[in-house]
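Asks: I'll drop the sequence and a predicted model, then ask my questions.
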Amino acid sequence: MRVSTSQIFDSGYRGIGGNQFDLFKLQNHLSTGRRMLAPEDDPVAAAQALVVTQSQSVNGQYLANQADAKGRLGVLDGQLQSLNNLLQHVRERVVQAGNTTLTGADRSYIADELESRFAELLGLANAQDATGNYLFSGYQGTLKPFAQTTTGANYQGDDGVRLLQVEASRDMPTNISGIELFTQIKNGNATFQTGASGNVLPVPVPPAVGAVNTPPNLGTAIIDQGSVRDVTAWNAALAATTALAIPATTPQQYRDLELRFSINNTVTPPVTEYNVFAIDKVANTSAQLNAAPLPYTPGQAINLSGLTTTPADLGISVSVSGNPADGDSFRITPSVNQDVFTTLRNTINTIRTGVAPELNAAGSVIGGISSIEYSNRLAGNLQNISNALENVNRMQSTVGARLHELDALSNTGEDKKLQYATSLSALQDLDYTKAISDLTRKQMQLEAAQISFKQTSQLTLFNIL
């Protein structure tokens, strides 16, 4: 085959140029540490790397959201701990105020301190995060959630839950609404509430809604917060409007029970007995549930069962200690939600009312209630404060569980991050040993091509003529 001079030059040019191009690519690979600089270097690996990179980016966003959620919940947990400490202190002061030997001045000091605690409680309820959003206003982050009133405080936010996606299938709540934390707290023992309702003599007619019996209980009896033996029986009793002689239109929260005590002087010595009444606070009517008076033993649990109505067992028990006077009565009211501000305001009002005779600095009587009535009221308020504290503890447990879950998700996310980085490294990173070997080989090929071209380019007839 005849080879022309132009063919020799073209072949040498292509050989040198190709080796120079390969050497240039190897130099770029070594300088970047990547074996893929363009999809054409490895189309299959490039497609796989794109999928891994996208997954890595999504995982990185989840990790960022988890860190954000931890920050928000951390602030929330700090506020809940402050609220817990505050309510613990309030409860201690209320227990102290229950000492009926304290003077009016002593109780006044305690009430003043509780006023300060009330202001502190309101401040915690209206706390803001680092961005200026209110923690406990639901979705209404820019709206101050609680406004003080004469009876407590009104909630102005909503029950919205702010969610942050921290995993593909997990939206993490990062707040607690003020409704859930401060207002949805059942009073009493969370099923019913007990309290003195006054002496019903001479006419045993229950008071109208919101009214107060006059006179109050005259004996020394105090009722406890009671217990629930069978919540199903209790709910059935509230729903049994026919048996309790209460119209179906009367809401359950207005259906009370009442224990009315009487002294039976027909026997020697006289004995104390009680009757159980169903009270319709809307219609202001009462219906006796037992056929005959039942004997009373101080301190012994009174099981509201064996009545003549259906159901005969109301599923609850209460204990009354002390000696009730003839006509003294105690109410058992279905529990309703009572916000912590109302509870604290009622407690302060009770302490300020004091034990009769309450005297001012000049020694004049300014009011007060009997020591037994005072103890009964304060015991109910103390139970409601304990309920509020228990609700805070429950919220703290919820936040703690969320933080624990975020820790687990973060650990998993960090593991995924490492796995994605390892996969990308296997797909994209350069094998330096092989690359350096290829670079040396290409350098030798280029030098050989250059020397070969130099020598063959001089092979012409003019050199031998």
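Replies: That came in fine, so what should we check first?
Asks: And for the closest residue to residue 314 other than its chain neighbours, the neighbour number?
Replies: In space, and not counting its chain neighbours, residue 314 is closest to residue 304: 4.0 Å by CB to CB, 6 or more residues apart in numbering. Glycine gets a C-beta too; all of them are placed from N, C-alpha and C. Around residue 304 there are 23 other residues, counting by other CB atoms under 10 Å.
Asks: And the pLDDT for residue 304?
Replies: Looking at residue 304, its pLDDT reads 88.
Asks: same deal with residue 36?
Replies: Confidence at residue 36, expressed as pLDDT, is 67.
Asks: What of the one 3 residues further on?
Replies: With respect to pLDDT, residue 39 has a value of 67.
Asks: hang on, the residue nearest to residue 314 packs against residue 276?
Replies: Yes - counting by CB atoms under 8 Å, residue 304 touches residue 276, with 6.3 Å between them.
Asks: got a list of what the residue nearest to the spatial centre of the chain touches?
Replies: Nearest to the centroid of the C-alpha atoms of the chain, with distances taken as CA atoms, centre = their mean, sits residue 395, at 3.5 Å. For residue 395, the contacting residues are 80, 176, 180, 181, by CB atoms under 8 Å, 6 or more residues apart in numbering.
Asks: could you redo the last one with a cut-off of 6 Å?
Replies: By CB atoms under 6 Å, 6 or more residues apart in numbering, residue 395 lies in contact with 80, 176, 181.
Asks: Of these, which is the nearest to residue 268?
Replies: Taking CB to CB as the measure, residue 268 lies nearest residue 181 of the contacts of residue 395, at 57.4 Å.
Asks: what does the model give the closest one for pLDDT?
Replies: 95.
Asks: Give me the nearest residue to it, chain neighbours excluded.
Replies: In space, residue 181 is closest to residue 395, 5.6 Å off (CB to CB, 6+ apart).
Asks: Relative to residue 60, how far out is that neighbour?
Replies: 31 Å (CB to CB, to the nearest Å).
Asks: Let me see the ranges of the helices in this protein.
Replies: Per DSSP state H, the chain carries helices over the ranges 5-32, 43-97, 104-125, 178, 231-239, 340-353, 371-428, 432-456.
Asks: so where is the stretch 301-450 of the chain shaky, pLDDT-wise?
Replies: For the stretch 301-450 of the chain, the stretches flagged by pLDDT under 70 are 310, 358-367, 425, 428-432, 435-436, 438-439, 442-450.
Asks: residue boundaries of the strands in the stretch 151-300 of the chain?
Replies: Secondary structure of the stretch 151-300 of the chain, counting by DSSP state E, counting those that start in this stretch: strands at 153-155, 163-167, 170-173, 192-196, 222-223, 227-228, 255-264, 271-280, 285-288, 294-295.
Asks: could I have stretch 96-113 exported to CSV, CA atoms only?
Replies: What follows is stretch 96-113, C-alpha atoms only, in CSV (Å, rounded to 0.1, in the frame of the first residue of the first chain):
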residue,chain,number,x,y,z
GLN,A,96,-49.4,26.4,104.2
ALA,A,97,-52.5,28.6,103.9
GLY,A,98,-54.6,25.6,105.0
ASN,A,99,-53.3,26.0,108.5
THR,A,100,-56.3,27.6,110.2
THR,A,101,-54.2,28.9,113.1
LEU,A,102,-52.6,31.5,110.8
THR,A,103,-53.5,35.1,111.4
GLY,A,104,-55.3,37.2,108.8
ALA,A,105,-52.0,39.0,108.2
ASP,A,106,-50.3,35.7,107.5
ARG,A,107,-52.9,34.7,105.0
SER,A,108,-52.7,38.1,103.4
TYR,A,109,-49.0,37.7,102.9
ILE,A,110,-49.6,34.3,101.2
ALA,A,111,-52.3,35.8,99.0
ASP,A,112,-50.0,38.6,98.0
GLU,A,113,-47.3,36.1,97.0
